[in-house]
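Q: Have a look at this fold, sequence not included:
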């Protein structure tokens, strides 16, 4: 089973707690390292897509993972990591990516973030 490993860097000072959003709720990583196991299966249109407990699906069928900012028992923001930006061979084998947790203003990042494959 392939695994997407998300390594988070540049955590802003005083940032809320960061966890991965799954179908069952939120789960902590190992520090700022989150492991996302997934399977590859064909969707209804025949496109091979990742599926798994932490893999979310957009209305257009694209898949992604949410890292959630948690504070006071609730979610206060999310970082979205898109699977479709991974090269096909890395999607098939699993990959490690690095994302920045800080936006241009020095605040906790939100929305879809760019990543680099390592």
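A: Noted; the coordinates are in hand. Treat the numbers as computed from the prediction; the structure is a model and nothing was measured.
Q: Which of the helices and strands in this protein ranks last by mean pLDDT?
A: The least trusted helix or strand in the chain, going by mean pLDDT, DSSP states H and E, turns out to be helix 88-93, with a mean of 91.
Q: For the chain, which segments count as strands?
A: 3-9, 17-22, 25-27, 33-37, 39-42, 48-51, 56-57, 63-71, 74-82, 95-100, 111-112, 115-117 (DSSP state E).
Q: Ok, which of those strands comes nearest residue 88?
A: Closest approach to residue 88 among the strands of the chain (C-beta to C-beta): strand 48-51, 8.4 Å. Every C-beta, even on glycine, is put in place using the N, C-alpha and C of the backbone.
Q: what does the average pLDDT come to for that closest one?
A: Averaging pLDDT along strand 48-51 yields 94.
Q: Enumerate the positions of that strand that are buried.
A: 49, 50 (16 or more other C-beta atoms under 10 Å).
Q: buried ones in the least confident helix or strand of the chain?
A: residue 91.
Q: go on, stretch 46-64?
A: 49, 50, 52, 54, 55, 56, 63, 64.
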